[in-house]
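1. Dropping a prediction and its sequence here:
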Amino acid sequence: MRQLLSELSVQTKGEGFTNITAAINALIAQSKMRQGICQIFVKHTSCSLTVNENADPRVLRDLTTYLRALVPQEGVRPISGEGGLQRYAHDDEGPDDMPAHIRTALTTTSLGLSFDRGRLVLGTWQAVYLWEHRAHAHQRQLSLHLIGE
């Protein structure tokens, strides 16, 4: 059994999805491990990770639309519908900062995925995405921990 702890840097274009499947598979191939587990952790509080559809881009657009509706940019209204808009108190890095933190809290910052024959084990229409919740481009750092043989 072997282990490898590695870093992956990902440039995002702003809010939306960046497919990181090929980069992860390249790291697995470089490790020369054939089979094992890949633990992926994004080291930020305003983006997340997801495994999702890689064939129809409408799926990713619909996910973005849903999360925007669930966590509005301008603030939050009471679920009861009674009362007015309450703006987010935390806006140190801009108006998209707090909504990004909430979106990250509702999604996930780590994934554990199997790999076999030097590649991630994914379904035909699946890919691994870094989901940027901020409006502007960011350089994101991910930690990848491979355990295998």
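-> Nice, I can see it.
2. Which strand residues bridge the residue nearest the centre of the chain?
-> In the chain, the residue lying closest to the centroid (C-alpha atoms, centre = their mean) is residue 49, at 2.2 Å. When bridges are assigned using DSSP bridges, the partners listed for residue 49 are residue 130.
3. List the contacts of the longest helix along the chain.
-> Across the chain, the longest stretch assigned as helix under DSSP state H is helix 57-70. Around helix 57-70, the neighbours that count as contacts under C-beta atoms under 8 Å, 6 or more residues apart in numbering are 15-17, 50, 52-53, 103, 106-107, 129, 133. Glycine gets a C-beta too; all of them are placed from N, C-alpha and C.
4. again, 10 Å this time
-> Judged by C-beta atoms under 10 Å, 6 or more residues apart in numbering, the contacts made with helix 57-70 from elsewhere in the structure are 15-17, 19, 48, 50, 52-54, 56, 99, 102-103, 106-107, 125, 127, 129, 131, 133.
5. Buried residues, it. List them.
-> Neighbour-count burial for helix 57-70 flags 60, 63-64, 67 (criterion: 16 or more other C-beta atoms under 10 Å).
6. pLDDT added to those residues, as a markdown table?
-> Below are these laid out as a markdown table (pLDDT from 0 to 100):
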| residue | pLDDT |
| --- | --- |
| 60 | 97 |
| 63 | 97 |
| 64 | 96 |
| 67 | 96 |
